[in-house]
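Student: give me coordinates for this.
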Amino acid sequence: MGLRSDPWLIATAATYGCTLITFEKSDGILNIKTPHRSAKIPDVAVKFGVKCENLFYFMRVMKFKI
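Tutor: As a prediction, the model looks like this:
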């Protein structure tokens, strides 16, 4: 994750009970035995109990009209 803002987004979402909206897909390979330098948001978020959805989910919930 490095110096990116992803950890801050995940921490904020965990603190306030928010859902993260991202196009990143889970790699499903994040665990203590195989740390991954470029971990995906959904993989880290699930470890902290944060829900992740994609933009299309958000648009449906918000009833966006295109």
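
Student: what packs against the least confident helix or strand in the chain by mean pLDDT?
Tutor: Least confident helix or strand of the chain, by mean pLDDT, DSSP states H and E, is helix 41-47 with a mean of 90. If contacts are counted by 3 or more Cβ pairs under 8 Å, 6 or more residues apart in numbering; DSSP states H and E, helix 41-47 sits against helix 6-16, strand 52-53. Heads up, the C-betas are built off the backbone N, CA and C, glycines and all.

Student: could you save these as a markdown table and add columns showing distance to Gly28 and mean pLDDT?
Tutor: Compiled in a markdown table, those are given as follows (distance: least, Cβ to Cβ, whole Å; pLDDT from 0 to 100):
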| stretch | distance to Gly28 | mean pLDDT |
| --- | --- | --- |
| helix 6-16 | 17 | 94 |
| strand 52-53 | 13 | 95 |
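
Student: looking at the ones you listed, which is buried most?
Tutor: Counting by mean count of other Cβ atoms under 10 Å, strand 52-53 has the highest mean neighbour count of the helices and strands packed on helix 41-47, with a mean of 18.

Student: centre of the chain to the helix or strand immediately after that strand in the chain, how far?
Tutor: Downstream of strand 52-53, the next assigned helix or strand under DSSP states H and E is helix 55-61. Distance, stretch centre to chain centre, for helix 55-61: 15 Å (Cα atoms, centre = their mean, to the nearest Å).

Student: sounds good, over and out.
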